[in-house]
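Chemist: Sequence and predicted structure, then a few things I'm wondering about:
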Amino acid sequence: MIVRRAVRVTALALPVFAAAASVGGCSGDVNPLKAAMVGAGSGIKPVETPDFVAQSRKGDATYLPVGESAPRRPIRARNSAGQSTLQAELEGARNRNEAKGRAAEGAAKDAAKGLTPNPVE
């Protein structure tokens, strides 16, 4: 009876321990095996952050928790002059892209002159 209970407790605890060990093994900051190896002198030594990285980071950097959306920023509507400017820029870009397409098509036709298609056997 006592043996059965010990086997049952072991059978329940083993998968839980294995899952915890495998998840903890993936984390670099909570890995007891890594800490033991580094302490013994045979593990990977921690590398200090280069100066340019440390200087480029904000000291008060806060990160959003997983699953939360970023706070919305107010959206400014364009005035009529801004809309006209944007429309002109987009139309100019479209015209340039169409001209490039026509030029590429013409170059392909010029390159294909004198070529004969291979007969399909």
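Modeler: Cool, got the structure.

Chemist: Report the spatially nearest residue to R78, omitting neighbours in sequence.
Modeler: L86 (6.8 Å; CB to CB, 6 or more residues apart in numbering). Backbone N, C-alpha and C define where each C-beta goes, glycine included.

Chemist: phi, psi of L86?
Modeler: The phi and psi values for L86, taken as degrees, to the nearest 10, are phi -60, psi -40.

Chemist: what about it, distance to S80?
Modeler: Distance of L86 to S80, computed by CB to CB, to the nearest Å: 11 Å.

Chemist: More neighbours: those two, which one.
Modeler: L86 (11 against 7; other CB atoms under 10 Å).

Chemist: Could you list the low-pLDDT ranges of this structure?
Modeler: 1-29, 121 (pLDDT under 70).

Chemist: From the centroid of it, which residue is nearest?
Modeler: The centroid of the chain falls nearest to V66 when counting by CA atoms, centre = their mean (14.4 Å).

Chemist: Okay, and that residue sits in which element?
Modeler: Using DSSP states H and E, V66 maps to neither a helix nor a strand.

Chemist: ditto for L64
Modeler: Using DSSP H and E, L64 falls outside every helix and strand.

Chemist: and it, how many neighbours?
Modeler: The number of residues near L64, taken as other CB under 10 Å, comes to 9.

Chemist: Same check on the one 4 residues further on?
Modeler: When neighbours are counted by other CB under 10 Å, E68 registers 7.

Chemist: Could you look up the SS state of it?
Modeler: coil (DSSP: H, G, I helix; E, B strand; the rest coil).

Chemist: For T62, see how far away it is.
Modeler: 12 Å.

Chemist: same deal with N118?
Modeler: 65 Å.

Chemist: same check, this time on M37
Modeler: 33 Å.

Chemist: More neighbours: the two, which one.
Modeler: M37 (13 against 5).

Chemist: which ones are touching that one?
Modeler: Neighbour list for M37: G43 [criterion: CB atoms under 8 Å, 6 or more residues apart in numbering].

Chemist: Could you say which helix or strand holds it?
Modeler: Assigned by DSSP H and E, M37 falls in helix 32-40.
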